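**Student:** Fold the following, please.
(one chain, ligands or ions: 1)
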Amino acid sequence: MAPTGTTPQPRPIVVSGPSGGGKSTMITRLRKHYPDRFSLSVSHTTRAPRGTEKNGVEYNFVTKEDFKKLVDENGFIEHAQFGSNLYGTSVQAVKDVAEKGQTCVLDIEMEGVKQVKKTDLNARFLFLQPPSVEVLEKRLRGRDTDKEEAIQQRLKQAEKEVEYAKTPGVHDKIIVNDELEKAWAEFEAFCVPDETERASRKQ
Ligand SMILES: Nc1ncnc2c1ncn2[C@@H]1O[C@H](COP(=O)(O)OP(=O)(O)OP(=O)(O)O)[C@@H](O)[C@H]1O
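**Tutor:** Numbers count the residues shown, from 1 in each chain. Here you go, the predicted model:
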């Protein structure tokens with residue numbers, strides 16, 4: 001149910017951490033157990049809708065002109081170009097989730113975290129840290145999704161992410177993703193602080 005009157009809107013949760021740190025693993029699990037409570041934001045794109053895709057559902061479909069205008073207005077948390085198309089997560093898209101009474105979960109990298117901190121989103125910040133560079137490398141290889149060059153690049157970027165995460169006050173919670181079940185329990189407790197609610201989650 002959408003919040004009314006003085007009911008505070010759910011605060012977005014920003015999940016960051018090195019690529020391969022386990023963000024997708026945790027967020028997928030969270031959404032499976034709490035499908036009505038958590039939601040992802042709808043991204044903007046300048047590519048054309050495909051098939052049955054609807055504006056505002058799969059994406060917010062916009063023109064290049066409108067996209068660039070929003071960039072100039074600092075309306076994006078993150079944006080990037082893939083091929084000839086632009087994609088981005090807007091501040092408003094995150095607010096839209098909160099306005100529906102759901103907690104928006106954002107999976108973003110360091111620069112995005114800094115950007116969120118400049119907004120009025122009042123987010124909570126969680127950092128997923130791999131136990132070591134060696135373990136991270138093993139997981140990235142085990143995932144079998146990246147070429148060698150991409151793995152090396154991700155490991156280099158990981159060092160920067162971990163360094164930034166050491167800045168006092170940047171994150172509300174740092175979880176070392178060593179043993180999956182232990183990390184999940186900490187992750188779940190941060191996202192759903194209420195024990196009773198956790199006890200009645202969907203299986
Ligand atoms: N605690 C864990 N123990 C062992 N393997 C794990 C653990 N957590 C995640 N993994 C595995 O590590 C790999 C990377 O995890 P995942 O894809 O969730 O990372 P990510 O942070 O979402 O990465 P990206 O930012 O690149 O999307 C996956 O194959 C996942 O199954």
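
**Student:** could you show me where the strands are in this structure, in order?
**Tutor:** 13-16, 38-39, 44-45, 60-61, 76-82, 85-90, 103-107, 124-129, 173-176 (DSSP state E).

**Student:** what would those look like in a markdown table with mean pLDDT, distance to Glu186 and mean neighbour count?
**Tutor:** For every residue, glycine as well, the C-beta is placed using N, CA and C. Shown next, in a markdown table, are those (pLDDT from 0 to 100; distance: least, CB to CB, whole Å; neighbours: other CB atoms under 10 Å):
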| stretch | mean pLDDT | distance to Glu186 | mean neighbour count |
| --- | --- | --- | --- |
| strand 13-16 | 98 | 12 | 24 |
| strand 38-39 | 97 | 16 | 20 |
| strand 44-45 | 98 | 32 | 21 |
| strand 60-61 | 98 | 33 | 18 |
| strand 76-82 | 96 | 25 | 16 |
| strand 85-90 | 97 | 25 | 20 |
| strand 103-107 | 97 | 16 | 22 |
| strand 124-129 | 98 | 9 | 22 |
| strand 173-176 | 97 | 5 | 17 |
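
**Student:** out of those, which comes closest to Leu30?
**Tutor:** Taking CB to CB, strand 38-39 is the member of these nearest to Leu30, at 5.8 Å.

**Student:** Tell me who's in contact with Phe67.
**Tutor:** By CB atoms under 8 Å, 6 or more residues apart in numbering, Phe67 lies in contact with 44, 46, 79, 86, 88.

**Student:** For the residue sitting nearest the centre point of the chain, which residues are in contact?
**Tutor:** Nearest to the mean C-alpha position of the chain, counting by CA atoms, centre = their mean, stands Asp107 at 1.5 Å. Applying CB under 8 Å, 6+ apart, one finds that Asp107 lies in contact with 15-16, 23-24, 27.

**Student:** mind checking the end-to-end distance for stretch 157-173?
**Tutor:** Length of stretch 157-173, first residue to last, CA to CA, to the nearest Å: 20 Å.

**Student:** Enumerate the positions of that stretch that are buried.
**Tutor:** Within stretch 157-173, the residues that count as buried by 16 or more other CB atoms under 10 Å are 158, 161-162, 164-165, 170-171.

**Student:** can you put the strands of the chain in a markdown table and add distance to Lys138?
**Tutor:** As requested, the strands of the chain are arranged in a markdown table below (distance: least, CB to CB, whole Å):
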| stretch | distance to Lys138 |
| --- | --- |
| strand 13-16 | 21 |
| strand 38-39 | 29 |
| strand 44-45 | 34 |
| strand 60-61 | 38 |
| strand 76-82 | 27 |
| strand 85-90 | 30 |
| strand 103-107 | 21 |
| strand 124-129 | 15 |
| strand 173-176 | 15 |
